[in-house]
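Enquirer: Could you work out the structure for the sequence below:
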Amino acid sequence: MDLKISGRTAVVTGADSGIGLATAKLLAAEGVNIILNDKTKTELEKAAEEVRSKAESNAKVIAVTADLTKYEEVQQLAAQAKEKFSGADIVVNSAGIRGAAGDFLKLSDEDWFATIDTDLMGAVRICRAFIPQMQTKGWGRIVLIASENALQPYEEESPYNACKAGIINLTKCLSKAYSPQGMMINCVSPAYVATPMTDAMMKELAKKRNSSEDEAISWFLKNKRENIVVDRRGKASEVAAVIAFLCSEHASYITGSNYRVDGGSVATAFG
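Expert: The predicted model follows:
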């Protein structure tokens, strides 16, 4: 399917692995120029080579390190987009952390602030930096990554739950403000996708249960994600496919929406 965005420029954060990397590959294959962003230069450069191998129509791929918890670094990322490509047309904010988890009463203010600073304020800083570039163009696509946890929270992940619920609300807020100017702003809510974040969770669970990681995954599916009717972890590429569509010209009448890519994990029909 031709997404009709060849020649556009996309900034993808959290792009050295997982959903961000899978999305960058799909967009590059559509001829989109890609600015990959993450915090670690070595891993980001390796990811950039993978994306370049998928690029079509002379699409350019560059890697720019920036920490989304630092305002100045986000502004520098935006400046790079302006200098290299006359600004971004598409932003996919995939950067995020699970953050502190456990008993709510044992989580400190610092635990909460660390998660908020990356998962919520990181998205705020990115949107604040790049929306002006899209205003100048009169066209834009922003996709923020929320989570099933926003709609179906798990008690041990209260900071993460709250931040991801905030992402859905932020998406609607921004769409009301900026979609009249040509920007389609949406979010995607994955569930239990095979990424470094959930890999770390499964390693921790396997250690706690004194089992293999495969056994931990099976136990987790049966006991903690029983509503995943496809009975497996999701693939980053499956989430990326939805994101890529939302970045496309075909998504010109979709804004302020949350798309669940969760294998059925959210039990309600209307969340």
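Enquirer: how about the helix or strand where Lys203 lies: buried residues?
Expert: Using DSSP states H and E, Lys203 falls within helix 196-209. Neighbour-count burial for helix 196-209 flags 197-198, 201-202, 205-206 (criterion: 16 or more other C-beta atoms under 10 Å). (C-beta placed from N, C-alpha, C; glycine too.)
Enquirer: What's the mean pLDDT across that helix?
Expert: In this model, helix 196-209 carries a mean pLDDT of 92.
Enquirer: Run the angle between the helix or strand containing Asn169 and helix 196-209 for me.
Expert: Using DSSP H and E, Asn169 maps to helix 158-178. Counting by axes from the mean of the first three to the mean of the last three C-alpha atoms, to 10 degrees, helix 158-178 lies at 160 degrees to helix 196-209.
Enquirer: re the thing from before, return the distance of the helix holding Lys203 from the chain's centre.
Expert: Going by C-alpha atoms, centre = their mean, to the nearest Å, the spacing between the C-alpha centre of helix 196-209 and its chain's C-alpha centre is 21 Å.
Enquirer: Name the next helix or strand following it along the chain.
Expert: Assignment by DSSP H and E places the next element after helix 196-209 at helix 213-223.
Enquirer: Need the contact partners of that following helix.
Expert: 192, 202-203, 205-206, 209, 211, 228, 231-233 (C-beta atoms under 8 Å, 6 or more residues apart in numbering).
Enquirer: That one vs helix 196-209, what angle?
Expert: Using the same axes, to 10 degrees: helix 213-223 against helix 196-209 is 90 degrees.
Enquirer: Show me what counts as buried in helix 213-223.
Expert: 216-217, 220-221.
Enquirer: any chance of these in TSV, plus pLDDT and distance to Ile90?
Expert: Shown next, in TSV, are those (pLDDT from 0 to 100; distance: C-beta to C-beta, whole Å):
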residue	pLDDT	distance to Ile90
Ala216	93	36
Ile217	94	33
Phe220	91	33
Leu221	93	33
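Enquirer: circling back: check which helices and strands the helix holding Asn169 sits against.
Expert: Counting contacts by 3 or more C-beta pairs under 8 Å, 6 or more residues apart in numbering; DSSP states H and E, helix 158-178 is packed against helix 109-115, helix 121-137, strand 140-145, strand 183-190.
Enquirer: To Thr65, which of these lies closest?
Expert: Each of the helices and strands packed on helix 158-178 has some distance to Thr65 by C-beta to C-beta; the shortest is helix 121-137, at 14.3 Å.
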